[in-house]
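K.L.:
What follows is a predicted structure for the sequence shown.
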Amino acid sequence: MTRTATAFLVVCAAALVQAQAARTYAGRLATVPMDGSMVATVAGSGSMTATLSGSSLTIDGKFAGLKSPATVARLHLGKRGIRGPAVADLTVSPAMAGTVSGKVDLTPSQVAVVQSGGAYVQIHSEKAPDGNLWGWLLPPDGRR
């Protein structure tokens with residue numbers, strides 16, 4: 001076998017491994033935990049998907065029903081139901097209904113957290129600057 005053919009096979013094998021390694025996650029965006037004082041400012045719902053390919057996480061989602069326009073969206077790391085640190089900003093429609101998206105390059109330890117179901121997206125709005133919607137990216141096999 002020639003060197004060119006060998007190099008071609010190595011590149012093809014690497015591409016195949018990369019394609020097989022991609023995993024898709026799904027999540028439901030729901031209101032953050034609320035107390036009675038937040039009922040007038042926090043509302044809405046949505047859904048999202050994410051694809052993890054190597055160390056790159058691509059997020060796409062939709063939301064609706066906010067009581068004020070969205071201001072920011074971020075990817076956070078934290079156990080389900082528990083707030084954690086933000087690790088990346090995402091793009092969000094500055095409206096009461098719209099989209100959230102982004103591509104994030106993760107560290108190896110962040111990849112492990114995503115794979116274990118410990119990553120979530122949180123959307124903030126004008127009337128809910130501490131968070132309006134959040135949702136965890138759940139692994140396709142349901143494991144956490």
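P.N.:
That came through, no problem. Numbering: from 1, shown residues only.
K.L.:
who's in contact with residue 107?
P.N.:
Listed by Cβ atoms under 8 Å, 6 or more residues apart in numbering, the contact set of residue 107 reads residue 55. Where you see a C-beta, it was placed from the backbone N, CA and C, and this is true even at glycine.
K.L.:
which residues in this structure form helices?
P.N.:
In order along the chain, the chain carries the following helices (DSSP state H): 3-21, 108-115.
K.L.:
Least confident of these, on average?
P.N.:
Lowest mean pLDDT of these: helix 3-21, a mean of 48.
K.L.:
Return the helix or strand in the protein with minimum mean pLDDT.
P.N.:
Here the helix or strand of the chain ranked lowest by mean pLDDT, DSSP states H and E is helix 3-21, holding a mean of 48.
K.L.:
how about the strands in this structure?
P.N.:
Along the chain, the stretches classed as strands by DSSP state E are 23-31, 45-53, 56-64, 70-77, 86-92, 98-105, 119-125, 128-136.
K.L.:
Deepest in the core, which of those is it.
P.N.:
strand 119-125 (a mean of 25; mean count of other Cβ atoms under 10 Å).
K.L.:
Which strands border that one, and is each parallel or antiparallel?
P.N.:
Using DSSP bridges, the strands paired with strand 119-125 in its sheet are strand 70-77 (antiparallel), strand 128-136 (antiparallel).
K.L.:
now the angle from the shortest one to strand 23-31?
P.N.:
With axes from the mean of the first three to the mean of the last three Cα atoms, to 10 degrees applied, the angle from strand 70-77 to strand 23-31 works out at 130 degrees.
K.L.:
just the last one next, same as before
P.N.:
If you take the same axes, to 10 degrees, strand 128-136 sits at 140 degrees to strand 23-31.
K.L.:
Can I get strand 128-136 in PDB? Just the C-alpha atoms.
P.N.:
These are the backbone C-alpha positions of strand 128-136, laid out as PDB (Å, rounded to 0.1, in the frame of the first residue of the first chain):
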ATOM      1  CA  ALA A 128     -36.400  37.900  35.400                       C
ATOM      2  CA  PRO A 129     -32.700  38.800  35.400                       C
ATOM      3  CA  ASP A 130     -31.800  35.900  37.700                       C
ATOM      4  CA  GLY A 131     -33.300  33.400  35.300                       C
ATOM      5  CA  ASN A 132     -36.600  32.600  33.600                       C
ATOM      6  CA  LEU A 133     -36.300  29.300  31.900                       C
ATOM      7  CA  TRP A 134     -33.800  26.400  32.400                       C
ATOM      8  CA  GLY A 135     -33.500  22.900  31.100                       C
ATOM      9  CA  TRP A 136     -30.900  20.100  31.400                       C
END
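K.L.:
Alright, I will stop here.
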